[in-house]
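>>> Fold the following for me, if possible:
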Amino acid sequence: MENILIVIVLAVILIPAVRASIGHFRGEGGCCGKGSSYRAHPRKLDHVIARKTITIEGMSCQHCVNRVMEAINSIDGVSAVVHLKKGTAEISMDRPVEDSVITQAVERAGYTVSGIR
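Numbering: from 1, shown residues only. Okay, here's the model as predicted:
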């Protein structure tokens, strides 16, 4: 009887921990915690017609910076440099891009845009 009780307690503890770890390693959520030497780089633009600074909440490591930078740089005509300590991204554009498009890209990566200027 004692063995069954111990197994049930362990299952109650371990099942949620394993489920959270699987999501964590898949990169779900704001930060997957993967340590790596990879650094995302801004896209090179031929000519810049506008610049914006966005404030981003939820970044906590270099992996977060990489995810946000790649999300913004995936927008056609946009290049970003993300600053972890400032919680901002400096965006350069070679064509007009709506704020909502930038916000959606950042939010799809798992972060929150709290301001664009």
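
>>> secondary structure element for Gln104?
Assigned by DSSP states H and E, Gln104 belongs to helix 99-108.

>>> Check which residues of that helix are buried.
The neighbour-count check on helix 99-108 (16 or more other CB atoms under 10 Å) flags 102, 105-106 as buried. Heads up, the C-betas are built off the backbone N, CA and C, glycines and all.

>>> how near is Met69 to Pro16?
Met69 is 32 Å from Pro16, where distance means CB to CB, to the nearest Å.

>>> who has more neighbours, these two?
Between Met69 and Pro16, Met69 has the larger neighbour count (other CB atoms under 10 Å), namely 21 against 10.

>>> list the helices and strands the helix or strand following the helix holding Gln104 packs on?
Next in sequence after helix 99-108, counting helices and strands by DSSP H and E, comes strand 112-116. Judged by 3 or more CB pairs under 8 Å, 6 or more residues apart in numbering; DSSP states H and E, the packing partners of strand 112-116 are strand 50-57, helix 99-108.

>>> Please render these as CSV that adds distance to Leu84 and mean pLDDT to the earlier fields.
What follows is these, written out as CSV (distance: least, CB to CB, whole Å; pLDDT from 0 to 100):
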stretch, distance to Leu84, mean pLDDT
strand 50-57, 10, 96
helix 99-108, 14, 95
